[in-house]
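[1] below are the sequence and a predicted model; questions follow.
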Amino acid sequence: MPNDAPLTLKADQLQRFRAKIEIAVVREEFGECWIWTGSVTEKGYGKFYVGTTPDGRKVTRLAHRVSFEHYKQQVIRPGYIVDHECSHKGCVRPDHLTQVSNVRNLMLAAERRPWSRRNQYYKE
């Protein structure tokens, strides 16, 4: 995947991507999140198969990064993170995603996290 152009999904890829999204309100102030229902990493981030390399290796990318590049048509700069403004790592809604430096991402996470990581997305 070239770094000088954002990832743009083809029609069949976009259809597969959208089929793995469920709309839900996680935090009222952000409205609807697009929650990823497909495969996830061990850390809980969505992952999406985008194709194969010329030598036949499968290429899988983080779903929120795919969403950011496809819908916003912006390349993710080296050393930058796609931050979830809604604080839900399963959200792939482009309106909730922004590109920030790693240091800024850590600062934002500390500001936003009044709850423990263990029960971040569940209410008791």
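    Looks like it came in fine.
[2] now the residue located most distally from the centre of the chain: which helix or strand?
    Within the chain, residue 55 marks the point farthest from the mean C-alpha position, 26.8 Å out by C-alpha atoms, centre = their mean. Using DSSP states H and E, residue 55 sits within no helix or strand.
[3] need the phi and psi values for it.
    phi -90, psi 10 (degrees, to the nearest 10).
[4] so which residue is dead centre in this protein?
    Centroid check for the chain by C-alpha atoms, centre = their mean gives residue 64 as the closest residue, at 1.4 Å.
[5] residues in contact with the nearest residue to that residue once chain neighbours are set aside?
    Using C-beta to C-beta, 6 or more residues apart in numbering and skipping the chain neighbours, the partner closest in space to residue 64 is residue 92 (5.0 Å). Any C-beta I mention is one placed from the backbone N, CA and C, and that applies to glycine too. Residues near residue 92 by C-beta atoms under 8 Å, 6 or more residues apart in numbering: 21, 34-36, 46, 63-64, 66-67.
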